[in-house]
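Asks: Give the three-dimensional model of this entry:
(4 chains)
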Number of protein chains: 4
Amino acid sequence: MSMDEETGPQGIARVEAFSDGVIAIIITIMVLELKAPVEEGLGALAALWPTFLAYGLSYAYVAIYWVNHHRLFGHARRVSNGLLWANMALLFTLSLVPFATAYLGEHHFGRDATVIYLSAMLLPAVSYGLLQSAVMRDEGDTAAARRYLVASRRKGHAANAVYLLGMALAFVSPWLGIACAGLVAVFWCLPASRLDHLFLKGSG
Amino acid sequence: MSMDEETGPQGIARVEAFSDGVIAIIITIMVLELKAPVEEGLGALAALWPTFLAYGLSYAYVAIYWVNHHRLFGHARRVSNGLLWANMALLFTLSLVPFATAYLGEHHFGRDATVIYLSAMLLPAVSYGLLQSAVMRDEGDTAAARRYLVASRRKGHAANAVYLLGMALAFVSPWLGIACAGLVAVFWCLPASRLDHLFLKGSG
Amino acid sequence: MSMDEETGPQGIARVEAFSDGVIAIIITIMVLELKAPVEEGLGALAALWPTFLAYGLSYAYVAIYWVNHHRLFGHARRVSNGLLWANMALLFTLSLVPFATAYLGEHHFGRDATVIYLSAMLLPAVSYGLLQSAVMRDEGDTAAARRYLVASRRKGHAANAVYLLGMALAFVSPWLGIACAGLVAVFWCLPASRLDHLFLKGSG
Amino acid sequence: MSMDEETGPQGIARVEAFSDGVIAIIITIMVLELKAPVEEGLGALAALWPTFLAYGLSYAYVAIYWVNHHRLFGHARRVSNGLLWANMALLFTLSLVPFATAYLGEHHFGRDATVIYLSAMLLPAVSYGLLQSAVMRDEGDTAAARRYLVASRRKGHAANAVYLLGMALAFVSPWLGIACAGLVAVFWCLPASRLDHLFLKGSG
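Replies: Just a heads-up that it's a prediction; the model follows:
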């Protein structure tokens, strides 16, 4: 055994704990962008709606990643070097979400801001794919793992396709792009069992 | 068993750990609003009292939610899809508290700011109700669980009623609204056993 | 047994985890006050020394509280209502340290700023005393617990006395006040066994 | 046994948890420096490249320290006073990284900023050395521990030498200094087993 790779649940628990910490900070740091308006009255508050909407959308996005991360690590058996760095890459790409969110809110869902926001949503998908491969490499080729992997990858590909579609549609209207991001959020929050049914059709 | 629902204490522990992280950040992020005055002297510092008071009130509010969350999860048996998303909704609504707090402090407890602050206090109550239902659905119909649920729901309803009353009274004077928020804080900090006695009368 | 008080190590572990999160945020939030100067060159950087010094001093102060909290919870047996709220009070008073630190750094260790800083150092001592009592109430009257309590209380009283002395000396020169805060920091970092020897003399 | 030193894995787990919290905050706090530009368009965004590059470099740096900390604590047996304070010193020196990063990004990789940045990279190395000694003192003189220590110290010395070289080269061109920091980052991310092979040659 190489001396830098722990086996067993302790090592995995600490990687989870660190990831939880970073994701918790990412998800709440965005709220710092919600600056209380200096002017009195509800009008000044209502004018902040783009910032609020951008925050809500990104909160859902990061929350979905946490839930998926949580489920993926239920399959992790070993803290390999690949897992450690793929996880760090995922946390890094997620850490750019608050920036993209602030940019979207400040530029009131303009075309450029929407395209940049949707691109930022695609980056974590790449590192999540690497993390999935690292976890699956050690998981063993059980039927449950294979089923999980297939369903999870298909859902990921579908989400990425919708984001890419959103980037194209943003050139027609930014709101079509945002609608795509909203659609992905709703779609991930549905019970996995119902979706798995859909995505596993013909792969069982 | 659906493949995305873990059973057992490991899954619950990670949901608790993530929630602890988010709540810890929410409760301390508010302190960033306490900006050191540039002017010398105690007068400039004393002029910050509305910000300090708003911080203290919101700190107590979030602390109470943490304590309740902690007690509720003592009854959780399984990380269902419903529990995961109700918990995410609770954390989201709590994450708006720092914004409402900054707004209250900056507008020196004006009428509008007080009404908005009290409304923000009502939002987490809704998601907490959903979380309670999700936990209780899996908990089994034991007498202890039923007693806890009844006492906890009644206390929640009482707190919400006081917040609604505060919103009405804020139109007379904002300070009556703030007094209602303070009353709820004091009331939750009392030992639960004494209150349970009060709220369980006739339901035993 | 009252239904809102858990026994056993799980409840205590979650209170520790939440406290760790809050203290970790408090200790690192102060670094946000270290703003990179806009001007080029080492002179502009060197002019920041009061902010750096204030940060270092407060970092040591919060670190000492974490170490003491860690040791105190080694004696905790039960999450009572008193323990929960004394712990919340401790975290609240510690959360005011970043504000006092920023104030001290921005006002370049002026007299008023030094007195306010030293007062802010005294607040957590009060809530820590309450927490100590809450832990000790359930700990049982073992010899080890009594020894720990006696040594720990004496050290706390000595530190408070030095802070009070510092507040008085700050009217002569703020630097005498800061020296007192530094003295307490050095004194707590020494190995406890050596100090206990000093503080337990005659109480064995 | 001295009364302030816990043995066993519980104490170590809490030190790890606190360190994870602090490192998670340090690594994500830097993202707050990525401020969304007020001007519309991709040009304004592209002008932020120095800030993005500085963030990426520092993220890798702190991530490497977390991975090393994680591996080192796999050898920890006891929470000694030395371990506690060496760990606090490591967290303190790491907490200065966001400041040095902001300084580097704001001054567009100027010579002074690059030298300061590389110096800030050297500080945690000193406290990490102390932490390593504290862990090793209690670890016992097993062959695995000795092998780990030797490989780990040599890698640390090599990294420090590259940083020092970078500081010298920054006087020729800041980019040579930055290249050295990048080199160290790439070098640490490689699988340890391959590097250990290199660094343990002749020490087996």
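
Asks: Contacts only, for the spatially most central residue of chain A.
Replies: In chain A, the C-alpha closest to the average C-alpha coordinate belongs to A:Tyr65, at a distance of 3.7 Å (C-alpha atoms, centre = their mean). Neighbouring residues of A:Tyr65 by C-beta atoms under 8 Å, 6 or more residues apart in numbering or on different chains: A:Ile23, A:Leu90, A:Leu94, A:Pro124, A:Tyr128. To be clear about C-beta, it is placed using only N, CA and C from the backbone, and glycine gets the same treatment.

Asks: Contact partners for the last one?
Replies: Meaning A:Tyr128. Going by C-beta under 8 Å, 6+ apart, the list of residues near A:Tyr128 reads A:Tyr65, A:Asn68, A:Leu90, A:Gly156.

Asks: Please repeat the previous calculation with a cut-off of 10 Å.
Replies: Applying C-beta atoms under 10 Å, 6 or more residues apart in numbering or on different chains, one finds that A:Tyr128 lies in contact with A:Tyr65, A:Asn68, A:His69, A:Leu72, A:Ala86, A:Asn87, A:Ala89, A:Leu90, A:Thr93, A:Leu94, A:Ser152, A:Gly156.

Asks: I'd like to know how far it sits from A:Leu72.
Replies: The gap separating A:Tyr128 from A:Leu72 is 8 Å, by C-beta to C-beta, to the nearest Å.

Asks: Now do the shared contacts for the two.
Replies: Counting by C-beta under 10 Å, 6+ apart, the residues touching both A:Tyr128 and A:Leu72 are A:Asn87, A:Leu90, A:Ser152.

Asks: Please enumerate the helices of chain A.
Replies: Here chain A has its helices, by DSSP state H, at A:9-29, A:42-46, A:49-73, A:81-95, A:97-106, A:111-139, A:143-169, A:174-189, A:192-199.

Asks: quick one: whichever residue of chain A sits closest to chain C from A:Asn87, how far?
Replies: Chain C sits closest to A:Gly21 of chain A, with a gap of 7.7 Å, by C-beta to the nearest C-beta. From A:Gly21 across to A:Asn87, the span is 12 Å (C-beta to C-beta).

Asks: Could you do A:Ser173 as well?
Replies: Where A:Asn87 is concerned, A:Ser173 sits at a distance of 37 Å (C-beta to C-beta).

Asks: Compare these two and say which is more crowded by neighbours.
Replies: More crowded of A:Ser173 and A:Asn87, by other C-beta atoms under 10 Å in any protein chain shown: A:Asn87, with 27 against 13.

Asks: need the contact list for that one.
Replies: Counting by C-beta under 10 Å, 6+ apart, A:Asn87 touches A:15-16, A:18-19, A:22, A:69, A:72-73, A:76, A:79, A:127-128, A:130-131, A:134-135, D:63.

Asks: just to revisit the earlier point, closest one of the shared contacts of A:Tyr128 and A:Leu72 to C:Cys189?
Replies: A:Asn87 (34.3 Å; C-beta to C-beta).

Asks: Can you check the pLDDT for the closest one?
Replies: Model confidence at A:Asn87, expressed as pLDDT, equals 95.

Asks: Drop the exposed ones from the contacts of A:Tyr128 and show what's left.
Replies: In the contacts of A:Tyr128, burial by neighbour count holds for A:Tyr65, A:Asn68, A:His69, A:Leu72, A:Ala86, A:Asn87, A:Ala89, A:Leu90, A:Thr93, A:Leu94, A:Ser152, counting by 16 or more other C-beta atoms under 10 Å in any protein chain shown.

Asks: Just give the number of residues close to the closest residue to the third one other than its chain neighbours.
Replies: Computed as C-beta to C-beta, 6 or more residues apart in numbering or on different chains, the closest residue to A:His69 that is not its neighbour in sequence is A:Ser19, at 6.2 Å. A:Ser19 has 25 neighbouring residues, counting by other C-beta under 10 Å.

Asks: Would you confirm that A:Ser19 contacts A:Ala86?
Replies: No - using C-beta atoms under 10 Å, A:Ser19 and A:Ala86 do not qualify as a contacting pair, with a distance of 11.3 Å.

Asks: Residues that sit against both of these two, list them.
Replies: A:Leu131.

Asks: residues touching the residue lying farthest from the centre of chain A, list them.
Replies: Within chain A, A:Glu40 marks the point farthest from the mean C-alpha position, 36.4 Å out by C-alpha atoms, centre = their mean. Taking C-beta under 10 Å, 6+ apart as the criterion, A:Glu40 is in contact with B:Glu106, B:His107, B:Gly110, B:Arg111, B:Asp112, B:Ala113.

Asks: Could you rerun that using 8 Å?
Replies: For A:Glu40, the contacting residues are B:His107, B:Gly110, B:Asp112, by C-beta under 8 Å, 6+ apart.

Asks: for A:Val97, same thing?
Replies: Neighbour list for A:Val97: A:Ile26, A:Met30, A:Ser58, A:Tyr61, A:Val62, A:Ala120, A:Met121, A:Pro124 [criterion: C-beta under 8 Å, 6+ apart].

Asks: Pick the one among those closest to D:Trp49.
Replies: For those, the minimum distance to D:Trp49 (C-beta to C-beta) is 15.7 Å, reached by A:Ala120.

Asks: quick one: the closest one and chain D, what's the gap?
Replies: Computed as C-beta to the nearest C-beta, to the nearest Å, the A:Ala120 to chain D distance reads 11 Å.

Asks: if you skip the residues just before and after it, what's nearest to that residue?
Replies: Counting by C-beta to C-beta, 6+ apart, the residue nearest A:Ala120 is A:Ala100, at 3.6 Å.

Asks: right, and that neighbour touches A:Thr114 too?
Replies: No - with contact defined as C-beta atoms under 8 Å, A:Ala100 does not count as touching A:Thr114 (10.1 Å).

Asks: Have a look at the two and say which one is more surrounded.
Replies: Neighbours per residue, other C-beta under 10 Å: of A:Ala100 and A:Thr114, the larger number sits with A:Thr114, 26 against 22.

Asks: wait, what's in contact with that one?
Replies: By C-beta under 8 Å, 6+ apart, the residues touching A:Thr114 are A:Leu104, A:Gly166, A:Ala170, A:Pro174, A:Gly177, A:Ile178.

Asks: how many other residues sit next to the second one?
Replies: Applying other C-beta under 10 Å, we find 25 other residues in the vicinity of A:Gly166.

Asks: likewise the third one?
Replies: For A:Ala170, the count of nearby residues is 25 (other C-beta under 10 Å).

Asks: how about the closest residue to it other than its chain neighbours, what does it touch?
Replies: Taking C-beta to C-beta, 6+ apart, and ignoring the residues beside it in sequence, A:Ala170 has A:Gly177 as its nearest neighbour in space, at 3.3 Å. Taking C-beta under 8 Å, 6+ apart as the contact definition, A:Gly177 lies against A:Thr114, A:Val115, A:Tyr117, A:Leu118, A:Gly166, A:Met167, A:Leu169, A:Ala170.

Asks: and what of A:Leu169?
Replies: With contact set as C-beta under 8 Å, 6+ apart, A:Leu169 has these partners: A:Leu176, A:Gly177, A:Ala179, A:Cys180.

Asks: May I see the PyMOL selection of the buried members of the residues you listed?
Replies: Restricted to the buried members of the contacts of A:Leu169, where burial is judged by 16+ other C-beta under 10 Å, the PyMOL selection command reads as follows:
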select buried, chain A and resi 177+180
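
Asks: Could you dump the contacts of A:Leu169 into TSV with pLDDT added?
Replies: As requested, the contacts of A:Leu169 are arranged in TSV below (pLDDT from 0 to 100):
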residue	pLDDT
A:Leu176	93
A:Gly177	91
A:Ala179	92
A:Cys180	91
